[in-house]
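Colleague: Requesting a structural model of the entry that follows:
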Amino acid sequence: YLRLLGFDTLYPDSDLDDADLAQIAHDEERILLSRDRGLLMRSLVVHGYCLRTKDSEEQLTAVLHRFSLFDQIQDTPRCLRCNGILQPIAKEAIIDRLEPKTKRYYHEFQICQDCEQIYWQGSHYPKLRQFVAAVKQNRG
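Modeller: Numbering: from 1, shown residues only. Alright, predicted model coming up:
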């Protein structure tokens, strides 16, 4: 969800151990979000936050409140696959990579600068916008 809201977010590989995660957070000056208190107590972890729930939407709301991030929500998400920056791209430049119905019904596209994943405002888009609007309203 953080990437959907435009936040620079690293989801580490599951094969990394606590020491690796702490080192990455330290080296990249990231806030480490975890439910693992032991991980958050490591000396290398300068900024961390313990997530108290397993529900990802509740976690999102808690993080946005804790770090006062509501005003920093972006209209353009990050790449959901790799966290890269999305940029507009002409349909003609990617036409050979699109499915037939996507070619026919959609005309505006974005591409990730890093992994070249293609995005468009498909049938799921209104539901995603509703979700983002609900998150913004949940400042409580």
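
Colleague: The helix or strand of the chain with the lowest mean pLDDT - contacts with which helices or strands?
Modeller: Ranked by mean pLDDT, DSSP states H and E, the weakest helix or strand in the chain is helix 125-137, scoring a mean of 86. Judged by 3 or more C-beta pairs under 8 Å, 6 or more residues apart in numbering; DSSP states H and E, helix 125-137 is in contact with helix 56-66. No exception for glycine: its C-beta is placed from N, CA and C like everyone else's.

Colleague: rerun that using 7 Å as the cut-off
Modeller: If contacts are counted by 3 or more C-beta pairs under 7 Å, 6 or more residues apart in numbering; DSSP states H and E, helix 125-137 sits against no helix or strand.

Colleague: How about residues contacting that helix?
Modeller: Residues from elsewhere that reach helix 125-137 (C-beta atoms under 7 Å, 6 or more residues apart in numbering): 4-5, 60, 70, 73.

Colleague: Going through these, which ones are buried?
Modeller: Among the contacts of helix 125-137, those classed as buried by 16 or more other C-beta atoms under 10 Å are 4-5, 60, 73.

Colleague: As a markdown table, those with pLDDT and distance to Gln130 would be great.
Modeller: Shown next, in a markdown table, are these (pLDDT from 0 to 100; distance: C-beta to C-beta, whole Å):
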| residue | pLDDT | distance to Gln130 |
| --- | --- | --- |
| Leu4 | 91 | 12 |
| Leu5 | 93 | 14 |
| Leu60 | 94 | 15 |
| Ile73 | 92 | 14 |
